[in-house]
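1. Sequence and predicted structure, then a few things I'm wondering about:
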Amino acid sequence: MEVIKLSGETKTMSGADAIRLAIEEEMERDESVFILGEDIGAYGGPFFVTKGLLEKFGADRVRETPISENAILGCAVGAAIAGMRPIAEIMFADFLTVCMEMIVNQAAKARYMYGAQISVPLTIRTPFGTGIMGAAQHSQSFESWFMHVPGLKVVLPSEPADFKGLLKTAIRDDDPVIFFENKQCYFRSGEVPLDKNFTIPFGQARKFTEGDDVTIVATGAMVQESINAANKLKEENIHCEVIDPRTLVPMDKKSILNSIEKTGKLLIVDEGCKTCSVSAEIAAFVAEEGFQYLKKNIIRLNTPDVPIPYSQSLEKQIVPNAKSIQDNVKKLI
């Protein structure tokens, strides 16, 4: 795994724009692709990633729905089984709780229960995480819940090029994919390939910095915080390797283990609550498959097991940041 350098013609755009571009390209390429969800067309929602798609593709392919997550996913699962490729938007990941039946017992199980005679090519897009003062019911990170469900693929990119490349792969996949979009990453800009055939395979981690002192595995908004921390630590001659798994299922274990074999030290940074988190799963497989490489105990840096407060100052106190990452790297050193 090398630090990735993009090739070909690129354009600077935000994460939200990269998602919109991926959807637009896939809807142009394949008429079976359509999108459905709350406030995705005429009125627009809090992030309005789908802005402009209604005007371009019409109401048959940009389907505004009632405020019923269970109905959105029920229709999407049925459409996928019938041969369409729906992209269902759940406005906040917190409300995946309303439609767990459709995801866990229907979409994830259908291929297995029908002897692989059907597939469910469904993409579920949903924003998650803190940063907008969304308080306890609009700021949660539930991605680890879905790692526990066989039959689902779980994708969590952190920057614009990966948003585009991984979303196109998700839409083309014949199995259900939950595509988690970190709210803070919507507004960060980066170079995005304009090639309409640009895709990123699942199960390939991305390395953002080189280093041989500490491996930092981070997800979502914590990737940029980790890069910022690594850049500051470099001034103190501490060199960190920052790795973003990009897909949680499938997980690129090999790249993570190769880095730990080099550094001997692991810090995992994850915005979700600590108990039963993404960081817990990563720590578990490293302990099982790479214990011999570790020179120090694994450190997990998470949001504490508390509801997310509305107050911006309180929110900032509990979510990991570049400073807390630096402090924990120094503990390992």
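-> Everything's here; your move. Numbers count the residues shown, from 1 in each chain.

2. The helix or strand encompassing residue 268 - which strands sit beside it in the sheet, and in what orientation?
-> Counting by DSSP states H and E, the element that carries residue 268 is strand 266-273. Strand 266-273 pairs in its sheet with strand 214-218 (parallel), strand 299-303 (parallel), by DSSP bridges.

3. Any idea how far that strand is from the middle of the chain?
-> With Cα atoms, centre = their mean, to the nearest Å as the basis, strand 266-273 stands 14 Å off its chain's centre.

4. Grab the nearest non-local neighbour of residue 308.
-> residue 139 (3.9 Å; Cβ to Cβ, 6 or more residues apart in numbering). Every residue, glycine included, has its C-beta placed from N, CA and C.

5. right, so the strands paired with strand 266-273: which one is the most enclosed?
-> strand 214-218 (a mean of 29; mean count of other Cβ atoms under 10 Å).

6. can you list contacts of that one?
-> 158, 225-226, 229-230, 238-245, 256, 259-260, 262-263, 265-270, 282, 325, 329, 332-333 (Cβ atoms under 8 Å, 6 or more residues apart in numbering).

7. Can you flag which of the residues you listed belong to helices?
-> In helices, judged by DSSP state H, the following of those are found: 225-226, 229-230, 256, 259-260, 262-263, 282, 325, 329, 332.

8. Which pair in these has the greatest spatial separation?
-> Largest separation among these by Cβ to Cβ: 225 and 262, giving 22.3 Å.

9. Who has more neighbours out of the two?
-> residue 225 (25 against 15; other Cβ atoms under 10 Å).

10. For the closest residue to that one other than its chain neighbours, give me its contacts.
-> Excluding its sequence neighbours, the residue lying closest to residue 225 (Cβ to Cβ, 6+ apart) is residue 322, at 4.9 Å. Contacts of residue 322 were listed using Cβ under 8 Å, 6+ apart, and they are 225-226, 228-229, 232.

11. Residue ranges of each domain in the chain, please.
-> The record assigns the chain these domain ranges, following automatic domain parsing: 11-193, 206-332.

12. Among the contacts of residue 322, which one sits closest to residue 162?
-> Once Cβ to Cβ is applied, the member of these that ends up nearest residue 162 is residue 226, at 15.0 Å.

13. Tell me, how many residues neighbour the closest one?
-> Residue 226: 30 neighbours (other Cβ under 10 Å).

14. what about the closest residue to it other than its chain neighbours, distance to residue 319?
-> Excluding its sequence neighbours, the residue lying closest to residue 226 (Cβ to Cβ, 6+ apart) is residue 218, at 4.2 Å. Distance, residue 218 to residue 319, by Cβ to Cβ, to the nearest Å: 13 Å.

15. Residue 278 now?
-> Taking Cβ to Cβ, one finds residue 278 at 15 Å from residue 319.

16. which stretches of the stretch 151-300 of the chain form strands?
-> 153-155, 177-182, 189-193, 206-207, 214-218, 240-244, 247-249, 266-273, 299-303 (DSSP state E, counting those that start in this stretch).

17. tilt between the second one and strand 266-273?
-> Which is strand 177-182. 90 degrees (axes from the mean of the first three to the mean of the last three Cα atoms, to 10 degrees).

18. Tell me how far strand 177-182 lies from the chain's centre.
-> That offset, for strand 177-182, works out to 5 Å (Cα atoms, centre = their mean).

19. Who are the contact partners of the nearest residue to residue 35 once chain neighbours are set aside?
-> Excluding its sequence neighbours, the residue lying closest to residue 35 (Cβ to Cβ, 6+ apart) is residue 87, at 4.5 Å. Neighbour list for residue 87: 23, 33-36, 123, 125, 171 [criterion: Cβ under 8 Å, 6+ apart].

20. Pick the one among the ones in helices among the contacts of strand 214-218 closest to residue 179.
-> The closest of those, once distances to residue 179 are taken by Cβ to Cβ, is residue 282, at 19.7 Å.

21. Which residues are in contact with the closest residue in space to the closest one that isn't next to it in sequence?
-> Spatial nearest neighbour of residue 282, chain neighbours left out: residue 268 (5.2 Å); criterion: Cβ to Cβ, 6+ apart. Going by Cβ under 8 Å, 6+ apart, residue 268 touches 216-218, 278-279, 282-283, 298-301.

22. For residue 268, list each beta-bridge partner.
-> Counting by DSSP bridges, residue 268 forms beta bridges with residue 217, residue 300.
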